[in-house]
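Participant: When you get a sec, could you give me coordinates for this:
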Amino acid sequence: MATKFKFKHFLILFIFLGLAGLTGFKVYKTIKAKNEAAATPGAPGGAAGGRGGPGGGAGRVQQVQTGLITSGKISEMVSLTGSLRPKQQVDVTSRIAGRITQINVDVGQAVGRGTLIATIEDDEIRQQIERSKASIAVADASIAQREAELNNAKVELDRRKQLVKDGVLSQQELDALEMRHRVAASQLELARAQRRQSDAEMRELNIRQSQTRVYSPIAGVVARRLLDLGAMTGANTPIVNIVSVSPMVILANASEQDISRIKRGVQVKVTIDSLPGQKFTGRVMRISPLLDPQTRNGQVEIEIPNTNGMLKGEMFARVELNLGSERETLLLPRDALVYRGEKPGVYTIEADKAKFLEVETGLAQADKVEILSGLKLGDKVITQGVNLVKEGDRVSERSPGGQGGPGGGQGGRPGGGPVQQQAQAGQQSQGQPASQGQPGQSGQRPTN
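Facilitator: Purely as a prediction, here's the structure:
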């Protein structure tokens, strides 16, 4: 048994070693074939670097397109962002507590200023008004009685004055009659004051009754209905929310460097993320005089017409604002700009070879970048294919859409096809295209 067991293990080990040897031989043959192919002149990737081969070193030829440094005007733009908001927004509330007996509006309904929104029960107030009317009637009767008493006291006093003159009546009795007359006059004034008090109570009750009818203070659209028919409401409890959606408002934050240059009344271009392909025109209406002490930003209010009701509250908006600093400058095609680390530059053609030049850039606008130094008007730079070249590469200029030529498409030499060049450029190119988004190069500076 032990001998069979050992033989079995030996056989397995022998098979494993055989497979390992066969695999190693195949790997060796593959590596040898690649080395022989690389040593063959003119082959793709060969050591001698045949013309058009991607690994050809000095013999490598890249096909590129070029552009010229031109002169033109550029404007400094500021990009702001914010959410659309209604210009006016009001919570319509009741000023008294009670049960809602009627609601006349619903969500999405347009209302005018003074439209009846809801009615609060007023049974108790009506009863108080009836009681107040009765009090007024009592006050009127009391006034009539006091007036009669005063007239009677006055007639009696006049008659007794004559008797005093004739010596029939004493002065003491006359004084008592005068006191009675003054008391009657005072009681009449009291009755009249009670009447005025009843009138004031009536006016107060009328005001309270009018407050049971809730009206809209603005013209707009009902955005929310917060209470339903039969619900109890308290004083200052919102019943509906009404918004004015024409025009709409964007509240955007601008940096302290930009807000001082933004002028009231300037027109702006607005795009809405949820409405692609559509552009709107707005106007700067208000600029805050105070900055946020933490962010150092100031608030800018922009109004946008909303005649067709397409714009909705809280839509995200992007604003492009021209600061009015238009100037003549040198312009570089944006495709030509590359970076070595943090340094911007371009590739030019010198003696049919690519040469990297550092440049100082300014504002960016559309497909152009402002050049402050490093280039002059009319200089030629590599645009298309700039991400496939490196310092010292041989380059061949081609016309847009053209074919052929060294390393080109049909009729080009082996190894020069644009697909192979692009595959190799990922390892050889030292410059990175500007489209990767280096900081500080955009003329449309986001400020929030």
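Participant: Across the sheet, point out what pairs with residue 67.
Facilitator: residue 381 (DSSP bridges).
Participant: Need the mean per-residue confidence for the strand or helix carrying residue 11.
Facilitator: Residue 11 is part of helix 2-39 when elements are defined by DSSP states H and E. Mean per-residue pLDDT for helix 2-39: 69.
Participant: what's the domain layout of the chain?
Facilitator: As assigned by automatic domain parsing, the chain contains the domains 57-73+327-446, 91-122+212-238, 123-208, 246-322.
Participant: Including mean pLDDT, could the ones you listed go into CSV?
Facilitator: Formatted as CSV, those follow (pLDDT from 0 to 100):
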stretch, mean pLDDT
domain 57-73+327-446, 70
domain 91-122+212-238, 92
domain 123-208, 85
domain 246-322, 90
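Participant: Tell me which stretches of the stretch 301-448 of the chain form strands.
Facilitator: For the stretch 301-448 of the chain, the strands defined by DSSP state E, counting those that start in this stretch cover 316-322, 327-333, 338-340, 343-350, 353-358, 360-365, 368-373, 380-382, 394-397, 432-433, 444-446.
Participant: and what of the stretch 151-300 of the chain?
Facilitator: Using DSSP E, counting those that start in this stretch, the strands of the stretch 151-300 of the chain run over 213-215, 220-225, 232-233, 238-255, 267-272, 279-291, 297-304.
Participant: Tabulate those strands (TSV), appending mean neighbour count.
Facilitator: (Each C-beta comes from the backbone N, C-alpha and C, glycine too.) What follows is those, written out as TSV (neighbours: other CB atoms under 10 Å):
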stretch	mean neighbour count
strand 213-215	17
strand 220-225	18
strand 232-233	16
strand 238-255	21
strand 267-272	17
strand 279-291	14
strand 297-304	21
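Participant: Would you mind giving those as a markdown table with distance to residue 115 added?
Facilitator: A markdown table is the format used below for those (distance: least, CB to CB, whole Å):
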| stretch | distance to residue 115 |
| --- | --- |
| strand 213-215 | 7 |
| strand 220-225 | 10 |
| strand 232-233 | 18 |
| strand 238-255 | 9 |
| strand 267-272 | 30 |
| strand 279-291 | 27 |
| strand 297-304 | 25 |
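Participant: Of these, which is nearest residue 329?
Facilitator: Smallest distance to residue 329 across those (CB to CB): 21.9 Å, for strand 267-272.
Participant: elements contacting the closest one?
Facilitator: strand 279-291, strand 297-304, strand 316-322 (3 or more CB pairs under 8 Å, 6 or more residues apart in numbering; DSSP states H and E).
Participant: For the longest one, name the packing helices and strands.
Facilitator: By that I understand strand 279-291. helix 256-259, strand 267-272, strand 297-304.
Participant: ok, and what's touching the second one?
Facilitator: If I follow you right, that is strand 267-272. Contact with strand 267-272 is made by 84, 250, 278-284, 302, 304, 311, 315-322, as judged by CB atoms under 8 Å, 6 or more residues apart in numbering.
Participant: want to throw the helices and strands packed on strand 279-291 into a markdown table with distance to residue 93?
Facilitator: Output for those, formatted as a markdown table (distance: least, CB to CB, whole Å):
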| stretch | distance to residue 93 |
| --- | --- |
| helix 256-259 | 36 |
| strand 267-272 | 32 |
| strand 297-304 | 26 |
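Participant: Of all those, which one comes closest to residue 373?
Facilitator: Comparison of the helices and strands packed on strand 279-291 against residue 373 by CB to CB identifies helix 256-259 as nearest, at 22.7 Å.
Participant: Could you list the alpha-carbon positions for the closest one in CSV?
Facilitator: What follows is helix 256-259, C-alpha atoms only, in CSV (Å, rounded to 0.1, in the frame of the first residue of the first chain):
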residue,chain,number,x,y,z
GLU,A,256,-16.4,90.9,-3.0
GLN,A,257,-14.1,91.4,-6.0
ASP,A,258,-17.0,91.3,-8.4
ILE,A,259,-20.0,92.8,-6.6
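Participant: Spatially central residue in this structure, please.
Facilitator: Note on the chain: the residue nearest the mean C-alpha position is residue 82, at 1.6 Å, using CA atoms, centre = their mean.
Participant: now residue 80: how far from residue 377?
Facilitator: For residue 80, the distance to residue 377 equals 34 Å [CB to CB, to the nearest Å].
Participant: again, but for residue 183
Facilitator: With CB to CB as the criterion, residue 183 and residue 377 are 110 Å apart.
Participant: ok, now residue 138?
Facilitator: 101 Å.
Participant: higher neighbour count, those two?
Facilitator: Using other CB atoms under 10 Å as the criterion, residue 138 and residue 377 rank with residue 138 on top: 14 against 11.
Participant: Could I get the contacting residues of the closest residue to residue 397 other than its chain neighbours?
Facilitator: Distances taken as CB to CB, 6 or more residues apart in numbering put residue 66 closest to residue 397, at 5.7 Å, once the chain neighbours are dropped. Residues in contact with residue 66 (CB under 8 Å, 6+ apart) are 349, 380, 381, 382, 383, 397.
Participant: Now the buried members of these.
Facilitator: For those, a burial check counting by 16 or more other CB atoms under 10 Å picks out 349, 381, 382, 383.
Participant: Distance to residue 91 added to those residues, as a markdown table?
Facilitator: What follows is the buried ones among the contacts of residue 66, written out as a markdown table (distance: CB to CB, whole Å):
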| residue | distance to residue 91 |
| --- | --- |
| 349 | 69 |
| 381 | 61 |
| 382 | 62 |
| 383 | 58 |
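Participant: So which of the strands of the stretch 151-300 of the chain is nearest residue 328?
Facilitator: For residue 328, the closest of the strands of the stretch 151-300 of the chain is strand 267-272, at 22.9 Å, according to CB to CB.
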